[in-house]
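A.B. asks: this one's structure only:
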């Protein structure tokens, strides 16, 4: 089994006005998607031009979030969804695989009131 870490996307969803928060995040993150659906604003962000392992990229997100203004942090708290999406690509030769998310990463996400998902992308490469 070959599995390669790709990146971490970050998703926000809120029924409240989070324009200040989004504006501050846009100064450090790239907006991949944004829209309004069923009374909620949806945003997907990623770290632009940064490569590294899961811990390094998560630490970069936390650094950005810790530097938010107090007003933006209040908008942060009002968001219904704050989710880190860990993306991996690979060719699965077995019926299962394991990806470890360390207790320190889970603890940091928990402190921020954020959840996480793991997305596995099918590799087009033949191994």
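C.D. replies: Yep, it's here. Just so we're clear, the structure is a prediction, and the values are computed from it rather than from any experiment.
A.B. asks: in its sheet, what does the longest strand along the chain sit against?
C.D. replies: For the chain, the longest strand by residue count, based on DSSP state E, is strand 2-14. The strands beside strand 2-14 in its sheet (DSSP bridges) come out as strand 40-46 (antiparallel), strand 81-91 (antiparallel).
A.B. asks: what about the helix or strand following the first one, average pLDDT?
C.D. replies: Counting by DSSP states H and E, the element after strand 40-46 in chain order, helix or strand, is helix 54-66. For helix 54-66, mean pLDDT is 94.
A.B. asks: residues contacting helix 54-66, please?
C.D. replies: When contacts are defined by Cβ atoms under 8 Å, 6 or more residues apart in numbering, helix 54-66 is touched by residues 5, 7-8, 10, 25, 28-29, 47, 50, 52, 76, 84, 86, 101-102, 104-105, 108-109, 112. Every residue, glycine included, has its C-beta placed from N, CA and C.
A.B. asks: mind running it again at 7 Å?
C.D. replies: Applying Cβ atoms under 7 Å, 6 or more residues apart in numbering, the contact partners of helix 54-66 are 5, 7-8, 10, 28-29, 47, 50, 84, 86, 105, 108, 112.
A.B. asks: and for stretch 116-127?
C.D. replies: Contacts of stretch 116-127 (Cβ under 7 Å, 6+ apart): 2, 83-91, 99, 101, 109.
A.B. asks: recalculate using a threshold of 6 Å.
C.D. replies: Contact with stretch 116-127 is made by 2, 84, 85, 86, 87, 88, 89, 90, 91, 99, 109, as judged by Cβ atoms under 6 Å, 6 or more residues apart in numbering.
A.B. asks: name all residues that make contact with the third one.
C.D. replies: Applying Cβ under 6 Å, 6+ apart to residue 85 gives the contacts 9, 117, 119.
A.B. asks: what stretches of the chain score poorly on pLDDT?
C.D. replies: Applying pLDDT under 70 to the chain picks out residues 1, 92-96, 125-127.
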